[in-house]
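1. Okay, sequence plus prediction incoming.
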Amino acid sequence: MRCMIITCLLCTLCRSAQAQDTEQLIIQAFELFNAQNYNEAVALIKPHLSVLSDQDLPYYAFFVYHSGTLYMDLNDYEQAEKHFLEVTEFGESVLDKKDSIYLNSLYNLGLIYLNREDYTQAKDYFLEGKKIWEEELYPLSDELATLLNSLGKVYYALDDKVQAERCWLQAENIWENSITYQFSYEEVVGHLNLLYQDMSWREPLHEIEMVFVRGGTLMLGCTPEQGGDCGRWNVPEFEATVGDFYIGKYEVTHAQWNEVMDDPQKKFLVSDNYPATSVWWLEIQEFIYRLNTKTGKKYRLPTRQEWEYAARGGVESKGYRYSGSNDVDEVAWYRENSDGKTHLVGKKKPNELGLYDMSGNVHEWTDDWVRDAGNITDMDTYLIESAHIFRGGSWNDEAQNVRVTYYDATSALSRLAMLGFRLACDAE
């Protein structure tokens with residue numbers, strides 16, 4: 001019995017001495033760490049890992065993490081990878097996965113694999129970090145937005161534009177009102193703009209360029225910047241939500257019309273880049289049918305709300321009076337500068353989405369009947385059942401009628417020298 005007591009006392013004394021030795025070891029390591037000798041701190045403790053308690057191991061993981069960041073700063077990604085992997089292994093046993101050094105190790109591993117163009121590995125580490133932030137921490141943190149920005153780059157490299165857009169939109173939403181992360185916010189907006197440019201396309205058969213328009217919610221109609229008097233139809237201000245869609249970068253031209261229409265009697269005498277005008281709304285439906293048959297796509301006319309949403313710049317809108325500017329001469333051919341004629345497409349400044357001639361040059365048909373436009377007031381009775389809406393104003397209009405809010409309508413059988421169209425297409 002006395003031997004057992006003595007043995008227990010000796011064990012306790014040994015554990016006490018060992019704890020003191022461990023404590024002294026960690027203090028020495030912190031002294032090295034404070035002198036920015038991260039690698040020496042790791043080297044000091046590593047031979048003694050087997051005697052460290054679960055309470056002490058996180059200190060070692062802390063030193064390993066900071067040593068990894070040192071290698072990252074030196075662009076030694078191979079050594080950095082080894083250190084961050086070691087930290088994540090601790091995360092399986094003694095580290096709380098919500099600990100910053102565990103989350104940052106996941107993020108840095110993702111960056112290392114992104115830099116190596118090992119996108120599958122990068123995605124796995126970013127997604128693990130994203131899950132922890134969203135489910136167990138704060139889903140609107142700047143750290144999560146930083147991770148989402150990088151994850152978006154991975155999806156973009158993997159040609160998964162839908163997931164890339166989701167990541168960047170989420171990051172944009174977090175950073176939108178941040179002063180500290182203003183540069184990061186601008187970077188994400190730049191990624192999205194490039195993404196939408198990539199999502200735009202040029203129809204190879206007929207050189208029809210389509211611009212991607214990200215959907216959203218916007219105030220349309222007679223908004224304050226329009227000056228109060230918004231024309232004879234005077235559409236009241238209202239909130240509209242539209243989905244993603246594509247719209248023509250330019251109005252459809254003589255050349256494009258002639259390439260699509262097989263009937264010589266329906267062709268323009270000269271194939272050029274003037275907007276196709278004097279075409280019925282019903283003739284345009286024939287044009288679209290022929291184009292869709294040839295290309296396999298699903299072109300159509302834009303709705304009146306899609307048209308105005310795009311003319312105002314969509315989610316990029318800066319609240320201009322005209323499409324792309326408050327200076328009408330920058331963006332529009334109208335009565336004061338048109339010399340009484342139609343002009344080649346794309347010769348004025350584009351709007352926020354890169355769309356040309358949404359104000360002026362020629363009016364543009366939309367897909368909507370007047371009878372379906374319940375928020376239009378002060379219209380002629382005969383138009384209600386027989387006419388389609390057109391937008392945008394023309395070279396023969398005063399400046400007030402080339403504002404983004406301008407509406408008018410005419411019979412689907414009308415041929416007007418100042419009335420053309422641009423195409424739209426659903427986002428698939």
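-> Sure, I can see it.
2. Low-confidence stretches in the chain?
-> Counting by pLDDT under 70, the chain has low-confidence residues at 1-23, 25-26, 28-39, 41-54, 92, 201, 204-205, 228-234, 371-386.
3. Next one: the residue nearest the centre of it from T146, what distance?
-> Closest residue to the average C-alpha location of the chain: L192 at 3.4 Å, with C-alpha atoms, centre = their mean. L192 sits 16 Å away from T146, going by C-beta to C-beta, to the nearest Å. From N, CA and C alone the C-beta is placed, and that goes for glycine too.
4. Which residue, other than its chain neighbours, is closest to the residue nearest to the centre of the chain?
-> W168 (5.1 Å; C-beta to C-beta, 6 or more residues apart in numbering).
5. quick one: the one you found from D339, how far?
-> Per C-beta to C-beta, W168 is found 44 Å from D339.
6. These two - which one has more neighbours?
-> Neighbours per residue (other C-beta atoms under 10 Å) separate W168 from D339, with W168 holding more: 26 against 9.
7. Show the contacting residues for that one.
-> W168 sits next to L148, N149, G152, V188, H191, L192, L195 when contact means C-beta atoms under 8 Å, 6 or more residues apart in numbering.
8. a markdown table please, covering these and showing secondary structure and distance to Y246.
-> Output for the contacts of W168, formatted as a markdown table (DSSP: H, G, I helix; E, B strand; the rest coil; distance: C-beta to C-beta, whole Å):
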| residue | secondary structure | distance to Y246 |
| --- | --- | --- |
| L148 | helix | 26 |
| N149 | helix | 26 |
| G152 | helix | 21 |
| V188 | helix | 22 |
| H191 | helix | 20 |
| L192 | helix | 16 |
| L195 | helix | 14 |
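9. Would you list the buried entries among these?
-> Among the contacts of W168, those buried by neighbour count (16 or more other C-beta atoms under 10 Å) are L148, N149, G152, V188, H191, L192, L195.
10. What helix or strand is the residue nearest to L192 located in?
-> Under the criterion of DSSP states H and E, W168 resides in helix 161-175.
11. Name the residues of that helix that are buried.
-> K161, A164, E165, C167, W168, L169, Q170, A171, E172, I174, W175.
12. Make a markdown table from these and add distance to L416 to it.
-> What follows is the buried residues of helix 161-175, written out as a markdown table (distance: C-beta to C-beta, whole Å):
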| residue | distance to L416 |
| --- | --- |
| K161 | 39 |
| A164 | 43 |
| E165 | 39 |
| C167 | 46 |
| W168 | 42 |
| L169 | 40 |
| Q170 | 46 |
| A171 | 46 |
| E172 | 42 |
| I174 | 48 |
| W175 | 47 |
